[in-house]
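Visitor: Here's a sequence, model it:
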Amino acid sequence: FHSIAARLLLQEPALFDRLKEVKTSKHKVSLIRCLETGLRNKGHAMVKTAGVVCCDEECYAVFKDVFNPVISKWHKGYDPNGAHPSNTAAGDIPSE
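Guide: Presented below is the predicted three-dimensional model:
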């Protein structure tokens, strides 16, 4: 398998077993639905893919035990409790 999600689930099979029947409340999205694109598009040995997509806004929370490690690996250190730095001070915008 050429995806981060596949590797995670192979290393932790109990994770899939625990979440396989769970669905989001709003659109009834299952984990397998989120994994479908990674299963259908296996990618290439030289190009890793995430292997999972968020199908509705609840997926990140409901399936956080899958999404957080995948996002962390994809972005090389994403912290689910971190905050994206922002600076909206007009004076700090560089001019040419």
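Visitor: just the strands in the protein please.
Guide: Along the chain, counting by DSSP state E, no stretch forms strands.
Visitor: Can you tell me the centre-most residue of it?
Guide: By C-alpha atoms, centre = their mean, the mean C-alpha position of the chain lies nearest to F67, the distance being 3.3 Å.
Visitor: what's around L10, how many residues?
Guide: A count of neighbours around L10, defined by other C-beta atoms under 10 Å, yields 10. From N, CA and C alone the C-beta is placed, and that goes for glycine too.
Visitor: Could you check how far it is from A50?
Guide: 15 Å (C-beta to C-beta, to the nearest Å).
Visitor: ok, now G38?
Guide: For G38 relative to A50 (C-beta to C-beta), the value is 7 Å.
Visitor: coming back round to it: for T88, see how far away the nearest residue to the residue nearest to the centre of the chain once chain neighbours are set aside is.
Guide: Spatial nearest neighbour of F67, excluding adjacent residues (C-beta to C-beta, 6 or more residues apart in numbering): Y60 at 5.4 Å. Y60 sits 25 Å away from T88, going by C-beta to C-beta.
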